[in-house]
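Asker: After the sequence you'll find the predicted model.
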Number of protein chains: 2
Amino acid sequence: MSDWLDQVKWDSKGLVPAIAQDQATGEVLMVAWMNAEALALTIKEQRAIYWSRSRQAIWRKGESSGHVQQLREIRLDCDGDVLLLSVEQLGGIACHTGRRSCFYRQLDESTGEPVWKTVAPVLKDPQDIY
Amino acid sequence: MSDWLDQVKWDSKGLVPAIAQDQATGEVLMVAWMNAEALALTIKEQRAIYWSRSRQAIWRKGESSGHVQQLREIRLDCDGDVLLLSVEQLGGIACHTGRRSCFYRQLDESTGEPVWKTVAPVLKDPQDIY
């Protein structure tokens, strides 16, 4: 394995979390996982390519939806166990629900017991995405 | 357990990753982990309180360094397994290395084989922090 891949502290399953952040707005779009193969492919193809834990397969983000994340920059944290991608989000939608970001639920404490409240609109019907 | 805590999809160890993002600049500062107790304390005290996997204990961010993260907002992603905190970073330093953000290493592909290159300055000697 290459030095730069070896410097990532892969967990016991060979994975690390990868945060995708919008390069223009700074908005955090989503978090997915990468193994060494996914990271190497991400650099090679200059687009976000993850490891799907549910499908146990390489996941070329945007392959079926068109919502490709073009890579601008990639960073590694001090512990070496989290990646941060700065991306251009094609189509302006990262989430499979048709929302811009996967982080569309905000904790609302205004009514006593906190509740997770949806605060971002669906921009595109998920049925039209997949 | 409360509904809002129960709606978080804790992993097999009872943890989820929590991203701390600077509320003013949008910069991603760090990623740590939370269990239900840490999340409940974070809401109660309105500051980031994590679960330290290395120490296996509640970690009041900033307790020894003073670099407290005051909570502005907290979000949950579509899968319910990642938290996103918008925080005010006291002291302007999140990283134990004395840097603003833990994501201070950027992949540099300018010289052939990629290398993780440090791109952010140390603002404070770590020995003066802890």
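Answerer: That came through fine. Residues are numbered from 1 along each chain as shown, chains lettered A, B, ... in the order given.

Asker: which parts of chain A sit against chain B?
Answerer: Contact residues (CB under 8 Å from any CB of the partner chain) of chain A with chain B: A:2-4, A:7, A:17, A:19, A:21, A:25-28, A:30-31, A:43, A:73-79, A:82, A:84, A:95-97, A:99, A:102-107, A:109, A:113-116. All C-beta spots, glycine's among them, are computed from the backbone N, C-alpha and C.

Asker: Repeat the analysis, applying 6 Å as the threshold.
Answerer: Residues of chain A lying close to chain B (CB under 6 Å from any CB of the partner chain) are A:4, A:7, A:17, A:26, A:28, A:31, A:74-78, A:82, A:84, A:95, A:97, A:102-103, A:105-107, A:114-116.

Asker: Next, the buried residues of the longest helix seen in chain A.
Answerer: Scanning chain A for the helix with the most residues, using DSSP state H, yields helix A:36-45. Neighbour counts over helix A:36-45 (16 or more other CB atoms under 10 Å in any protein chain shown) mark A:36, A:38-43 as buried.

Asker: picking up where we left off before, just to be sure, which of the residues of chain A next to chain B are found in strands?
Answerer: Counting by DSSP state E, these place A:17, A:28, A:31, A:74-76, A:84, A:105-107, A:115-116 in strands.

Asker: And for the closest residue to chain B within chain A, the neighbour number?
Answerer: Residue nearest to chain B within chain A: A:Gly26 (2.8 Å; CB to the nearest CB). Per other CB atoms under 10 Å in any protein chain shown, the neighbour tally for A:Gly26 reads 14.

Asker: ok, it to B:Arg72 distance?
Answerer: Distance, A:Gly26 to B:Arg72, by CB to CB, to the nearest Å: 15 Å.

Asker: same thing with A:Ser65?
Answerer: 31 Å.

Asker: Neighbour count: the two, which is higher?
Answerer: Of the pair A:Ser65 and B:Arg72, A:Ser65 is the one with more neighbours under other CB under 10 Å, namely 18 against 14.

Asker: Can you tell me the element A:Ala20 falls in?
Answerer: For A:Ala20, the host element (DSSP states H and E) is strand A:16-22.
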